[in-house]
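A.B. asks: Fold the following and give me the result.
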Amino acid sequence: MTLYNHSDLNKRKTWFLFTGFFIFAMLVGYVFSVAMENSMILYVVVFISIISSFISYWFSDKIVLSMSGAHQLKFEDNKELYRLVENLCISIGLPTPKIYIINDPSPNAFATGRNPKNAVIAVTTGLLNKLEKSELEGVIAHELSHVKNYDILIATLTTVMVGMIVLLADWFRRWAFYSGGKSRSNENKGQLQLIIIILAIVFSILAPIFAYIMQFAISRKREFLADADGALITRYPEGLARALEKISSDPNDLKKANRATAHLYISSPLKQKNKKSLWVKAFMTHPPIEDRVKALRGMDIS
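C.D. replies: Residues are numbered from 1 along each chain as shown. Okay, here's the model as predicted:
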């Protein structure tokens, strides 16, 4: 399989998952609106999702950079890094993003921003100190692929939808606890309505779990795509493969790491035990490093 085919395949899989996630989010809102006999609930969910998406779209990059303790790097501070980023951007027709530095010995990097014109790439000092040039190029190319493919926008939208599903599920459980019994005692409510309410309660418990699983599945697919595109940009998959091995095996913990931003990094900054169960993998924000390295080293760039 060539890099071109691999990228196209991952794009199709990702959009399939994203479409399924959107339908699932609307289904949750519909079920709860039927159970609560209030069609406005679905419209409110859609409205709040749009407002939340708008706020996240414009300010998510500033929030993420602040949470990560990153500060902007000037050209005079590291001319070599700037030229490396500029050359890669020229090769794929992207504007040069702003570059931020995180003072941390743990090697890692992430990209953020609402579009290529407003993109930011953040790298740790550990990444600059511990990677060779070809490995650093692989990491930067990976992050530029996220920018080119609007991965950050997709990640933001899925995060908003997950948040809405969790919020709605919590809201419904509270309603069922405080008002459900009274509503079920109403003589106008039949047995069918009672069944719908019971199913909605079960759904409110399971929906957030499935929502998180779908979010993490989308995140993992985007990482495979960025690996493939990154290797295509540099024409040297081995550089990125070696970089991933070094980043994942580094013993240092990223001090500013948290669950809210972990999915943005090229490799999860949250140290995870080496478990292989399907349940554990379902809640991983990134594919296993060994799978990513194997895919990179098995690709044909000719």
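
A.B. asks: how about the strands of the stretch 101-250 of the chain, start to end?
C.D. replies: Using DSSP state E, counting those that start in this stretch, the strands found in the stretch 101-250 of the chain span residues 109-112, 120-124.

A.B. asks: For those strands, give me CSV that also has mean neighbour count and mean pLDDT.
C.D. replies: Where C-beta positions appear, they are placed from N, C-alpha and C, glycine not excepted. Below are the strands of the stretch 101-250 of the chain laid out as CSV (neighbours: other CB atoms under 10 Å; pLDDT from 0 to 100):
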stretch, mean neighbour count, mean pLDDT
strand 109-112, 26, 94
strand 120-124, 26, 96
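
A.B. asks: For Trp175, which of the ones you listed is the nearest?
C.D. replies: Among the strands of the stretch 101-250 of the chain, the nearest to Trp175 by CB to CB is strand 109-112 (36.3 Å).

A.B. asks: my guess is Phe210 contacts Phe24, does it?
C.D. replies: Yes - between Phe210 and Phe24 there is a contact under CB atoms under 8 Å: 6.9 Å.

A.B. asks: so Phe32 is in which element?
C.D. replies: In the assignment (DSSP states H and E), Phe32 maps to helix 3-35.

A.B. asks: re the thing from before, do you know which of the strands of the stretch 101-250 of the chain lies nearest Leu264?
C.D. replies: Between Leu264 and the strands of the stretch 101-250 of the chain, the tightest spacing by CB to CB is seen for strand 109-112, at 4.0 Å.

A.B. asks: And the contacts of the closest one?
C.D. replies: 60-61, 64-65, 68, 97, 119-124, 127, 139-140, 143-144, 146-147, 151-152, 261, 264-266 (CB atoms under 8 Å, 6 or more residues apart in numbering).

A.B. asks: With stretch 245-263 instead?
C.D. replies: Residues from elsewhere that reach stretch 245-263 (CB under 8 Å, 6+ apart): 64, 67-69, 102, 104-108, 110, 124, 126-127, 130-131, 135, 139, 155, 216, 219, 265-271, 285-286, 289, 293.

A.B. asks: again, but for stretch 134-141
C.D. replies: Outside stretch 134-141, the residues that touch it by CB under 8 Å, 6+ apart are 81, 84-85, 88, 109, 121, 123, 127-128, 131, 229-231, 233-234, 236-243, 246-247, 266.

A.B. asks: Any quick ChimeraX command for the buried ones out of these?
C.D. replies: To isolate the buried members of the contacts of stretch 134-141 in ChimeraX, using 16 or more other CB atoms under 10 Å:
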select :81,84,85,88,109,121,123,127,131,229,230,231,233,234,236,237,239,240,241,242,243,246,247,266
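
A.B. asks: about what we covered before: just the buried residues of the contacts of stretch 245-263.
C.D. replies: The neighbour count (16+ other CB under 10 Å) marks 64, 68, 102, 104-108, 110, 124, 126-127, 130-131, 135, 139, 155, 216, 219, 265-270, 285-286, 289, 293 as buried among these.

A.B. asks: quick one on the thing from earlier: the strands of the stretch 101-250 of the chain: which one's closest to Ile201?
C.D. replies: Nearest to Ile201 among these is strand 109-112; the distance by CB to CB comes to 37.7 Å.

A.B. asks: hey, C-alpha coordinates of stretch 26-45 in CSV?
C.D. replies: Extracted C-alpha coordinates of stretch 26-45, given in CSV (Å, rounded to 0.1, in the frame of the first residue of the first chain):
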residue,chain,number,x,y,z
MET,A,26,-28.6,13.9,17.5
LEU,A,27,-30.1,10.5,18.4
VAL,A,28,-29.3,11.0,22.1
GLY,A,29,-31.1,14.4,22.0
TYR,A,30,-34.1,12.9,20.2
VAL,A,31,-34.5,10.0,22.7
PHE,A,32,-34.3,12.3,25.7
SER,A,33,-36.8,14.8,24.1
VAL,A,34,-39.3,12.0,23.5
ALA,A,35,-38.9,10.6,27.0
MET,A,36,-39.3,14.1,28.6
GLU,A,37,-42.1,14.9,26.1
ASN,A,38,-40.5,18.1,25.1
SER,A,39,-39.3,18.5,21.5
MET,A,40,-37.5,21.7,22.4
ILE,A,41,-34.8,19.7,24.1
LEU,A,42,-33.4,18.6,20.7
TYR,A,43,-33.4,22.2,19.4
VAL,A,44,-31.7,23.5,22.5
VAL,A,45,-29.0,20.8,22.2
